[in-house]
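Asker: what's the 3D shape of this:
(chains A, B, C and D)
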There are 2 protein chains.
Amino acid sequence: MYKILIADDEQKIREVIKEYAEYDGHEVYEAVDGRQAVDMAKEQDFDIIIMDVMMPRLDGFSACKEIRKFKNTPILMLSARTEEYDKLFGFEMGVDDYVVKPFSPKEVLARVNAIIKRNTAGNEQVGDTVKFEGLEINFTARDVFIDGEKANLTPKEYDLLFYLVKNKNIALTRNKLLEEVWGYDFFGDDRTIDTHIKMLRNNLGPYRKFIVTLRGMGYKFQV
Amino acid sequence: MYKILIADDEQKIREVIKEYAEYDGHEVYEAVDGRQAVDMAKEQDFDIIIMDVMMPRLDGFSACKEIRKFKNTPILMLSARTEEYDKLFGFEMGVDDYVVKPFSPKEVLARVNAIIKRNTAGNEQVGDTVKFEGLEINFTARDVFIDGEKANLTPKEYDLLFYLVKNKNIALTRNKLLEEVWGYDFFGDDRTIDTHIKMLRNNLGPYRKFIVTLRGMGYKFQV
DNA sequence: GTGTGCTTTCACAATGTTATCATAATGAGC
DNA sequence: GCTCATTATGATAACATTGTGAAAGCACAC
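Answerer: You can find the predicted model right below:
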């Protein structure tokens, strides 16, 4: 059960999302504009705030900025605009996700769940580096550290690990892995993957535990 | 390209939506009332059904309820009055989204796309999880938790459970299960299913209750 | 061309999964 | 309550998948 704040000046939208969210067992609070949203966020701890961009008194972006001054509550933006700069601008403000109108209430709720789970996932991300316990991965520098020691992975091992990590907690079939890591034009053996998984595991030391085998399916990076 | 069924007694509305949908490259079928919509939904697999609430012979809600007995096809409701909201969000109906008249065809199509994308995504980050009491199923991670404990299912058990859950509350014959879970090219014994149901039940602990036997027919995941 | 890693393939062992069958239990109809 | 049809269950043999080590194949630098 999450505590959700929905801020939108359109009553219809508030109601629809509220109905769906309450059906999912969440507790929903409403705000009719940005100012009220900021005030409520100051007083109470929400698990997530769903906010329209266009609101009277204080728009969504400004409200987001305000809230970020005192809290890190995840914020999901509802926007009528699709322009990319809008999104970028939003992410700079600390927006966690975006849904463009018109949206289906189901989609909004799905994203709410995704954001909240993501925020309680169990890995810290700083810049382009992710860390899972003593396993540190830097995507841009193409570095992997195991308990502070730099691991020496081959290119394919990097690629495989990066793809697994970027899709952590998602079950990946051998086909999917071949397609995404090796390329759609690779017509090799399925078992090639197994061998690379083997080597990757051997190189990850104690953190080989993150790579789990999904029998009859493929592999998954599980945190 | 989606296969769309539009059910409305007003020819004008059907035509407008059809025109837009076909322009988008979709295949559109028409039904003039609820009864016909139900019959067509039984025979064919649509990606989405767009349905008016007010229709002769069988209204949209009843049609939706009927269809849900045998299929989980996403349904988008068109309603004339805003007062119908309350009814719409009687979720037993299983409506996925709604649009209030007068609507722009563009909006309808936008929602159609949103709904279908959600339903066929499978690549949704983390929020792809359903929970029935203490039974938690995550399709993307291929995880099943029983009262918080991870269940260790075999591939076939996963596949079977996933199929049952994706068709929850729908009666499934052994033939249907064999075809969908085992594949059309499997020519094994019917009793094979019983054995897998047995093992699945054993693995679900207290939640074996969700799998009900339909004597002389097959099985059903009932919540 | 040679050497050096890296990648792929392969074979075999280890392990896990599935289908089938026999038998027991259950339910429906009379 | 009896009979017949259907489903539940346990055992087991057949089967499939994965882990692993070794070796062949490749690519690239020198």
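Asker: quick one, strands of chain A?
Answerer: Using DSSP state E, the strands assigned to chain A run over residues A:3-7, A:27-31, A:48-52, A:75-79, A:97-100, A:124-126, A:129-132, A:135-138, A:143-146, A:149-150, A:172-173, A:211-214, A:218-221.
Asker: turn those strands into a markdown table, columns for distance to B:Ala141, mean pLDDT and mean neighbour count.
Answerer: Placement of C-beta: from N, CA and C, glycine included. Converted to a markdown table, the strands of chain A look like this (distance: least, Cβ to Cβ, whole Å; pLDDT from 0 to 100; neighbours: other Cβ atoms under 10 Å in any protein chain shown):
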| stretch | distance to B:Ala141 | mean pLDDT | mean neighbour count |
| --- | --- | --- | --- |
| strand A:3-7 | 24 | 94 | 23 |
| strand A:27-31 | 26 | 94 | 18 |
| strand A:48-52 | 21 | 91 | 26 |
| strand A:75-79 | 22 | 84 | 23 |
| strand A:97-100 | 19 | 70 | 18 |
| strand A:124-126 | 19 | 58 | 9 |
| strand A:129-132 | 16 | 87 | 16 |
| strand A:135-138 | 19 | 92 | 20 |
| strand A:143-146 | 23 | 92 | 17 |
| strand A:149-150 | 30 | 90 | 10 |
| strand A:172-173 | 10 | 94 | 18 |
| strand A:211-214 | 9 | 96 | 15 |
| strand A:218-221 | 7 | 95 | 20 |
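Asker: out of these, flag the one nearest A:Glu179.
Answerer: For A:Glu179, the closest of these is strand A:172-173, at 9.2 Å, according to Cβ to Cβ.
Asker: how about that closest one against DNA strand D, any contact?
Answerer: No - Strand A:172-173 does not reach DNA strand D (Cβ under 7 Å from any atom of the strand); its nearest approach is 9.2 Å.
Asker: what residues does that strand touch?
Answerer: A:Tyr163, A:Leu164, A:Met217, A:Gly218, A:Tyr219, A:Lys220 (Cβ atoms under 8 Å, 6 or more residues apart in numbering or on different chains).
Asker: same question, stretch A:216-223
Answerer: Residues from elsewhere that reach stretch A:216-223 (Cβ under 8 Å, 6+ apart): A:121-123, A:132, A:164-165, A:167-177, A:193, A:197, A:210-214, B:141-142, B:154-156.
Asker: stretch A:206-213 now?
Answerer: Under the contact criterion Cβ under 8 Å, 6+ apart, stretch A:206-213 has outside partners A:132-135, A:146-147, A:164, A:197, A:200-202, A:204, A:219-223.
Asker: which of these are close to DNA strand D?
Answerer: A:Ile197, A:Arg201.
Asker: for B:Asp39, see how far away the closest residue to DNA strand D within chain A is.
Answerer: When Cβ to the nearest atom of the strand is the measure, chain A has its nearest residue to DNA strand D at A:Thr213, with 3.7 Å between them. In this view, A:Thr213 and B:Asp39 are 46 Å apart by Cβ to Cβ, to the nearest Å.
Asker: same thing with A:Gly183?
Answerer: Distance of A:Gly183 to B:Asp39, given as Cβ to Cβ: 47 Å.
Asker: more crowded one of those two?
Answerer: Remark: of A:Gly183 and B:Asp39, B:Asp39 carries more neighbours, 13 against 8, as counted by other Cβ atoms under 10 Å in any protein chain shown.
Asker: ok, back up a step: just the buried subset of the contacts of stretch A:216-223, please.
Answerer: A:132, A:164-165, A:167-172, A:174, A:176-177, A:193, A:197, A:210-211, A:214, B:141-142, B:156 (16 or more other Cβ atoms under 10 Å in any protein chain shown).
Asker: lowest-scoring secondary structure element of chain A by mean pLDDT?
Answerer: helix A:84-93 (a mean of 53; mean pLDDT, DSSP states H and E).
Asker: do stretch A:18-25 and chain B meet?
Answerer: Yes - using Cβ under 8 Å from any Cβ of the partner chain, we find that stretch A:18-25 touches chain B at A:Glu19, A:Tyr20, A:Tyr23.
Asker: residue numbers of chain A in contact with DNA strand C?
Answerer: Residues of chain A that fall close to DNA strand C, judged by Cβ under 7 Å from any atom of the strand: A:154-157, A:182, A:186, A:188-189, A:191-192, A:194-196, A:215-216.
Asker: show me where chain A has its helices.
Answerer: A:11-23, A:34-43, A:60-68, A:84-93, A:105-119, A:155-166, A:174-177, A:191-204 (DSSP state H).
Asker: can you give the domain ranges for chain A?
Answerer: A:3-119, A:124-221 (automatic domain parsing).
Asker: what's the closest of these to B:Asp9?
Answerer: When the domains of chain A are compared for distance to B:Asp9 using Cβ to Cβ, the nearest one is domain A:3-119, at 24.5 Å.
Asker: next one: the closest one to chain centre, how far?
Answerer: 16 Å (Cα atoms, centre = their mean, to the nearest Å).
Asker: over to stretch A:197-209?
Answerer: Using Cα atoms, centre = their mean, the offset of stretch A:197-209 from its chain centre is 25 Å.
Asker: follow-up on the earlier one: restrict the residues of chain A next to DNA strand C to those near DNA strand D?
Answerer: Intersecting the residues of chain A next to DNA strand C with the contacts of DNA strand D gives A:Arg191, A:Asp194, A:Thr195, A:Arg215, A:Gly216 (criterion: Cβ under 7 Å from any atom of the strand).
Asker: now the residues you listed as CSV including distance to B:Lys71 and neighbour count?
Answerer: Below are these laid out as CSV (distance: Cβ to Cβ, whole Å; neighbours: other Cβ atoms under 10 Å in any protein chain shown):
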residue, distance to B:Lys71, neighbour count
A:Arg191, 39, 9
A:Asp194, 39, 13
A:Thr195, 43, 11
A:Arg215, 31, 10
A:Gly216, 27, 11
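Asker: mind giving me the PyMOL select for the residues of stretch A:18-25 next to chain B, buried ones only?
Answerer: A single PyMOL command selects the buried members of those (16+ other Cβ under 10 Å):
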select buried, chain A and resi 19+20
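Asker: between the residues of stretch A:18-25 next to chain B, which is nearest DNA strand C?
Answerer: A:Tyr23 (33.3 Å).
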